[in-house]
Structures are given as C-alpha cells and as structure tokens.
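Trainee: Kindly return the folded structure for what I paste below:
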Amino acid sequence: MKAEYINPFLESARIVIEQVANVRPSTGKLGIKDVKLVEKYIWIQIGMTGQMQGDIVFGIHEEVALRMVSAMMGGFIVTEMDEMSRSAISELGNMISGNASTMLFNQGVRVDITPPKIMHSANAAGFVPKKALTIPLIMDGIGELDIQVLVT
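Mentor: Numbers count the residues shown, from 1 in each chain. I've put the predicted structure just below:
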C-alpha cells in the first residue's frame, strides 16, 4: 500500500467539495486502520481496475452527509437520507473518484472506476473489514469525510 495512491483522491476531494459545497476542506492525519462499517455511517464504495486494483471507500456520518447534501443543494435543509440524498452523496463519491482517475491517468497510471455503491451498516452483509490507508477531510460547518484507500 503506497501513500501516493491517496494523493489524487485527496486533491480531487478538495476540488470537488469546494465546487459543490462551497467549503474548502482541510486535511486530517494520514494513517492506516481497519475499515469497519459502523452504525450511523454511510459508505460510498468505488471499485478500481487497471494498474490500481481495489476500492476507494468514502465514510461519512449520516448527520454530516445530511449537512453535505444540504450544502450541495445550495443551503436547502435536508433532514433525511432519502433516495435523493443518497443519490447526491453517491454522486459526490463518483465525482471525486472520476477526477482522481483523470489525475492518475495524467501521471501515467491507467485505472477504471466502477459505479458507486452506497452501504449502510445495516445492509453491508458480506463486507469484510480490511486495512486501509485513510485520511479525514475536515469541512468547516459540515464535519468529516474519511477517504480510505484499499488498493494493491
């Protein structure tokens, strides 16, 4: 697992979040931890194939997800994770991963991404905890988005 794998996702997340939510996130501390699906979290899983194999998993607390979707919708207050909210959060993960794959391509690394898969702890049967390179993005007034790279 190489630390440089996370950099395009980190940079892409900063750019996308600033564009869609008008917030400039700061970076937390890089670490390695077990990715486990915990209660009250939403997980956006994006698979990668090509020269990088594995998954990128974005973890976000439900309350933070609601604040993020509200910011993405221009301040309209969203109070539940309904189909529209899940779609918006899913698209956030898709945008970040798509931009990151373009950055990787420009660095000579060819990757393809899969469509995002949204998981709640309740419906994540079959997800096996794995070690991941992880870094939180801290968004003022919104909360944290964890970026976790499970790449071989």
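Trainee: elements contacting the worst-scoring helix or strand of the chain on mean pLDDT?
Mentor: Ranked by mean pLDDT, DSSP states H and E, the helix or strand of the chain with the weakest confidence is strand 31-35, at a mean of 82. With contacts defined as 3 or more C-beta pairs under 8 Å, 6 or more residues apart in numbering; DSSP states H and E, strand 31-35 has these neighbours: strand 130-139. Any C-beta I mention is one placed from the backbone N, CA and C, and that applies to glycine too.
Trainee: if we look at the strand it packs on, which residues are touching it?
Mentor: With contacts defined as C-beta atoms under 8 Å, 6 or more residues apart in numbering, strand 130-139 is touched by 1, 3, 5-6, 10, 13-14, 17, 21, 23, 25-35, 57, 64, 68, 144-151.
Trainee: Got a quick PyMOL command for the buried subset of those?
Mentor: For the buried members of the contacts of strand 130-139, the matching PyMOL selection, counting by 16 or more other C-beta atoms under 10 Å, is:
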select buried, resi 5+6+10+13+14+17+21+23+25+35+57+64+68+145+146+147+148+149+150+151
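Trainee: State the next helix or strand along the chain beyond the least confident helix or strand of the chain.
Mentor: Later in the chain than strand 31-35, the nearest helix or strand by DSSP states H and E is strand 41-50.
Trainee: chain center to the helix or strand just after that next one: distance?
Mentor: Proceeding N to C from strand 41-50, the next assigned helix or strand is strand 54-61, under DSSP H and E. Its chain's average C-alpha position is 5 Å from that of strand 54-61, according to C-alpha atoms, centre = their mean, to the nearest Å.
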